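>>> Need the 3D shape of this:
(one chain, ligands or ions: 1)
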Amino acid sequence: MDWFYEYYNGCGLAIKIKRKLYETKGVQKVEIYETESFRKMLVIDGKIQLTEFDEAFYHEMLVHVPMLSHKNPKNVAIVGGGDGGALREVLKHDVRRAVLVDIDRNVIELCRKFLGIDRGAFDDERAEVVIMDGKEFLKDCERFDVIIVDSTDPVGVSDTLFDREFFELAREKCDVISLQSQSPLIQKEYFRTLLFNSSPFERREVYISCVPSYPLALWSFIIGGDYDFESLDKRFERIKGKTAHYNPEVHRAAFALPEWLKKEVKECI
Ligand code: SPD
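Numbering: from 1, shown residues only. Presented below is the predicted three-dimensional model:
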């Protein structure tokens, strides 16, 4: 048996591999593994994107925090997220339309075939897939209630999703946005850049979740726009019983930041 290693700034994570299920190189290098303790794992351009063991910790926080912070989200766009995990979570809500915009058709096809975490979401009649760059999509799309940015690390094809222009366009096109903002511990540059560049959303906050297969397990997200947490318990009734990780207590607690992180955020906002 072999090991998969992901290194970041002088440390790393090792995951024992049972076998490689698939590997391909197109727009991005996509690998899918069967691991010993994290079940199946998706790796893009050498970086772990998800494992079956803990993907709910990530996708549910990325999706339900903004969805339940909006009074009635009906039209939703997901930028990235070709694995289908975020789409699956969005479709737990009473939405009319969920548009997934991903630049890499390979990710969608391989994940549907070898991973299956979308659990049928791509076949849902409310789901629509657009293959194109997310920033280009925003230049000419309708307005959405919520936009969710489920990107890979900000290197390679997804770096257009992290610049100021992306957020200027997004501000015009949604009430509420959420995005993954990397490790605030060991990827401070990415984290700070995202906090700075998301300033078109004048009102924005950082929240955190534990995702064991991501660098140092502490992961950050940003919510921005016209969000409110007033009726969380009532709104949670819409999806109660359908989540493995998210609940309103976890939602509120995710915004309680330690002093060092509050300081980081204050310097950037
Ligand atoms: N290095 C980890 C970055 C993970 C962010 N994207 C995850 C995509 C899963 N849908």
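
>>> alpha carbons only for contacts and neighbour counts from here, please
OK.

>>> and stretch 10-17, how far out from the chain's middle?
In terms of C-alpha atoms, centre = their mean, to the nearest Å, the centre of stretch 10-17 is found 22 Å from the chain centre.

>>> do it and the ligand meet?
No. Stretch 10-17 lies apart from the ligand when judged by C-alpha under 6 Å from any ligand atom; the minimum separation is 11.2 Å.

>>> do the same with stretch 32-51
Yes. Judged by C-alpha under 6 Å from any ligand atom, stretch 32-51 and the ligand are in contact via 47-50.

>>> Now the spatially most central residue of the chain. Its backbone dihedrals?
Taking C-alpha atoms, centre = their mean, the centroid of the chain lies closest to residue 150, which sits 3.2 Å from it. Backbone torsions of residue 150, given as degrees, to the nearest 10, read phi -110, psi 70.

>>> low pLDDT regions in the protein?
1 (pLDDT under 70).

>>> Not counting its own residues, what contacts stretch 102-122?
Where contact means C-alpha atoms under 8 Å, 6 or more residues apart in numbering, the residues beyond stretch 102-122 that reach it are 21-22, 26-28, 30, 32, 40, 52, 79-85, 87-88, 91, 127-134, 157.

>>> Buried ones in the longest strand along the chain, by neighbour count?
Scanning the chain for the strand with the most residues, using DSSP state E, yields strand 11-25. Buried residues in strand 11-25, counted by 16 or more other C-alpha atoms under 10 Å: 13, 15-18.

>>> likewise stretch 191-210?
So, applying 16+ other C-alpha under 10 Å, buried residues of stretch 191-210: 191-192, 194-201, 204-209.

>>> Just put the residues of stretch 32-51 next to the ligand in JSON lines and tack on neighbour count and secondary structure.
Output for these, formatted as JSON lines (neighbours: other C-alpha atoms under 10 Å; DSSP: H, G, I helix; E, B strand; the rest coil):
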{"residue": "47", "neighbour count": "19", "secondary structure": "strand"}
{"residue": "48", "neighbour count": "21", "secondary structure": "strand"}
{"residue": "49", "neighbour count": "18", "secondary structure": "strand"}
{"residue": "50", "neighbour count": "25", "secondary structure": "strand"}
